[in-house]
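A.B. asks: Provided below are the primary sequence and the corresponding predicted coordinates.
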Amino acid sequence: MIVVNHSGTNSANPVTTVLSSTAIQKPEFGAIPLATALVKSEIKSLDTQTKVLNACLIDKTSPSYVAAANALVTQINIFFAFARAAYNNLVSYYTPKRKTLIYLQPKSDVYLI
């Protein structure tokens, strides 16, 4: 299960903000022919490229900042999983009052509130 509070702590990170917004706007993209397939492909490509970049950055990061860098990488990975879940048509629930989107993903227990 992936739980993301769209109005929460991710707002300071533009990467996670874009990923969560993209996931929440999936119904709007779904109304445009081929948009869902294109966005799904781009999410996969960006995820792969971001993992390579993250590995390079952590490798070159000063030891005193590695823990903070790893925390950021973990947060970004969670939001990529969230976006992939949205575009893989997994069960979703959106609670507008709390601005929280929940995707149920088999064999996954990731919570970010």
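C.D. replies: Sure, I can see it.
A.B. asks: A helix includes Gln49, no?
C.D. replies: Yes - Gln49: assigned to a helix according to DSSP: H, G, I helix; E, B strand; the rest coil.
A.B. asks: Asn77 versus that one, what's the distance?
C.D. replies: Using Cβ to Cβ, to the nearest Å, Gln49 is found at 13 Å from Asn77. The C-beta positions use only the backbone N, C-alpha and C, and glycine is treated the same way.
A.B. asks: For those two, work out which one has more neighbours and name it.
C.D. replies: Legend: neighbour count by other Cβ atoms under 10 Å for Gln49 and Asn77, higher for Asn77 (15 against 10).
A.B. asks: The more buried one falls within a helix, correct?
C.D. replies: Yes - assigned with three-state DSSP, Asn77 falls within a helix.
A.B. asks: For it, report the pLDDT, please.
C.D. replies: Turning to Asn77, the model gives it a pLDDT of 86.
A.B. asks: swap in Gln25?
C.D. replies: In this model, Gln25 carries a pLDDT of 82.
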